[in-house]
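>>> My questions concern the predicted model and sequence given below.
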Amino acid sequence: MGILVFRADASLDIGTGHIMRCLTLAKALSGNEQRCIFICREHPGNLIEIINDAGFEVFTLPAGPNAAGNSHKDWLGADWQTDAEQTRDALQGLVVDWIVVDHYAIDANWERAMRPSCKRLMVIDDLADRPHDCDLLLDQNLGHTVEEYAGLVPKACRLLVGSKYAMLRPEFAQLREFSLKRRANPSLDHILITMGGVDQNNATGQVLEALKSSTLPENCRITVVMGPHAPWLNEVAKIAAAMPWEVDVKVSVNNMAKLMADSDLAIGAAGSTAWERCCLGLPCVTLVLADNQSEIASALSDVGATIKLEDTVGAHFGIELNRIISDISNNLNILENGSRLAASVTNGSGSGLVVVNILDANK
């Protein structure tokens, strides 16, 4: 049995996406008799309990004074030298086959320092904005190319680039056929709103307030999904209770694939859930809630896989969103076309492809 160690964090600033995609990979690897361990800082909004509940060991690092900030480098909670030292200490006594890094605040300096502590090192990235010292790099974003990492990784590094490698939990691929089939006769009866696990700036509340003046059908129902650390959860619940449609606010759901498959339209952020929506052919109005989401939203919009909401936080936010809702209400074929194009982005088999590459390198 091999040992893989994941170095990733979640926090109110970082969000939950890095941990969630590492959990997806860890579960897939565990099914192939690999032992997976997480190393995480105790930032406010961490997901350490969720990782434990999923059955994985977690070595915790203390939250530091720079646990938050506008720059990615501030998200580590320590300088890279301290983080590497603390990580090495946590790994004492372990023979580690892979360290898997999914962290915007980590680059080649940290990775080089960790080389003596593992046989191989993998990086999960989607920024292509800094050098890495790794044996395998995964970038699951649509439209990215291996050329973008030229000069940023060693020549011998294996690159897995593109949305076919998007790592999704198995239930998304399992529900893909059902989800696509039910969209043959499009309707606008069920809207899913999901802005990521934290939604620091309450985009969910903004969307609900905007929809109050929309042309949604009277029988439409709305499902809102939020994370357990979402700071605006109580405010969203109050807005939901005053909506003219039935609104169900759910926290920490474990059936996201089923919720997506049963929805006719999503309004969501351009984070990791974008690939889940594509796998299930769920048409979406996409908001950009972080700098690293802009490129994802644009790439999906360019191929017709989503409708990108340009004015995410401006004064015309509600006007633009309701114009889109009105267009869809008057022409349900928009949903059918959006579903078909979204489904072409990824089929949900990415986790398996990544696991094969990891296990092949072990041989």
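Okay, I see it.

>>> Which residue ranges make up each domain of this structure?
By the record's domain assignment, the chain is partitioned as 2-168+348-362, 170-343 (automatic domain parsing).

>>> What is the burial count for the closest residue to Arg221 other than its chain neighbours?
Leaving aside its sequence neighbours, Arg221 sits nearest to Glu246 (Cβ to Cβ, 6 or more residues apart in numbering; 4.4 Å). No exception for glycine: its C-beta is placed from N, CA and C like everyone else's. Glu246 is flanked by 12 other residues according to other Cβ atoms under 10 Å.

>>> Kindly report the same for Leu168.
By other Cβ under 10 Å, 26 other residues sit near Leu168.

>>> Do a quick rundown of the helices in the stretch 1-150 of the chain.
In the stretch 1-150 of the chain, the helices defined using DSSP state H, counting those that start in this stretch lie at 17-30, 48-53, 80-90, 108-114.

>>> Including distance to Asp125 and mean neighbour count, could those helices go into TSV?
Supplementary listing: the helices of the stretch 1-150 of the chain in TSV, determined by distance: least, Cβ to Cβ, whole Å; neighbours: other Cβ atoms under 10 Å:
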stretch	distance to Asp125	mean neighbour count
helix 17-30	10	22
helix 48-53	21	16
helix 80-90	16	16
helix 108-114	11	19
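
>>> Between those helices, which one is closest to Leu300.
helix 17-30 (15.7 Å; Cβ to Cβ).

>>> can you tell me the average pLDDT over the closest one?
Predicted confidence along helix 17-30 averages 95 (mean pLDDT).

>>> same check, this time on stretch 336-352
Rounded mean pLDDT across stretch 336-352 is 96.

>>> Could you tell me which ranges of the stretch 201-350 of the chain sit under the pLDDT cut-off?
In the prediction, the stretch 201-350 of the chain carries residues with pLDDT under 70 at positions 311-315.

>>> how about the strands in it?
For the stretch 201-350 of the chain, the strands defined by DSSP state E, counting those that start in this stretch cover 221-226, 246-251, 265-269, 284-287, 307-308.

>>> buried set for the fourth one?
What that stands for is strand 284-287. Residues of strand 284-287 classed as buried: 284-287 (neighbour count, 16 or more other Cβ atoms under 10 Å).

>>> just to revisit the earlier point, output the helices of the stretch 1-150 of the chain as CSV; include the columns distance to Leu280.
Compiled in CSV, the helices of the stretch 1-150 of the chain are given as follows (distance: least, Cβ to Cβ, whole Å):
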stretch, distance to Leu280
helix 17-30, 15
helix 48-53, 23
helix 80-90, 36
helix 108-114, 35
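
>>> Out of those helices, which is closest to Gly268?
Taking Cβ to Cβ, helix 17-30 is the member of those nearest to Gly268, at 12.3 Å.

>>> and that closest one, what does it pack onto?
Here helix 17-30 is seen to pack against strand 2-8, strand 34-41, helix 48-53, strand 98-102, strand 120-124, helix 350-362 when contacts are counted using 3 or more Cβ pairs under 8 Å, 6 or more residues apart in numbering; DSSP states H and E.

>>> how much does the fourth one deviate in direction from strand 120-124?
Using axes from the mean of the first three to the mean of the last three Cα atoms, to 10 degrees, one finds that strand 98-102 and strand 120-124 are set 20 degrees apart in direction.

>>> Tabulate the helices and strands packed on helix 17-30 (CSV), appending distance to Glu336.
Compiled in CSV, the helices and strands packed on helix 17-30 are given as follows (distance: least, Cβ to Cβ, whole Å):
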stretch, distance to Glu336
strand 2-8, 37
strand 34-41, 40
helix 48-53, 36
strand 98-102, 35
strand 120-124, 34
helix 350-362, 25
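
>>> Nearest to Pro228 among these would be which one?
Nearest to Pro228, of all these, is helix 48-53, at 8.1 Å by Cβ to Cβ.

>>> I'd like to know which of the strands of the stretch 201-350 of the chain is closest to Ala113.
Distances from Ala113 to each of the strands of the stretch 201-350 of the chain were compared by Cβ to Cβ, and the smallest falls on strand 265-269, at 33.3 Å.

>>> and the angle for that closest one with strand 221-226?
20 degrees.

>>> show me what contacts Val207?
For Val207, the residues meeting the contact criterion (Cβ atoms under 8 Å, 6 or more residues apart in numbering) are 193, 195, 267, 287, 321.

>>> where's it relative to Ala266, distance?
Relative to Ala266, Val207 is positioned 11 Å away (Cβ to Cβ, to the nearest Å).

>>> Leu300 touches Asn141, doesn't it?
No: at 9.8 Å, Leu300 and Asn141 do not qualify as touching, with contact defined as Cβ atoms under 8 Å.

>>> out of these two, which sits in the busier spot?
Using other Cβ under 10 Å as the criterion, Leu300 and Asn141 rank with Leu300 on top: 27 against 22.

>>> Contacts only, for the more buried one.
Neighbouring residues of Leu300 by Cβ under 8 Å, 6+ apart: 142, 270, 274, 278, 286, 306, 308, 342, 345.
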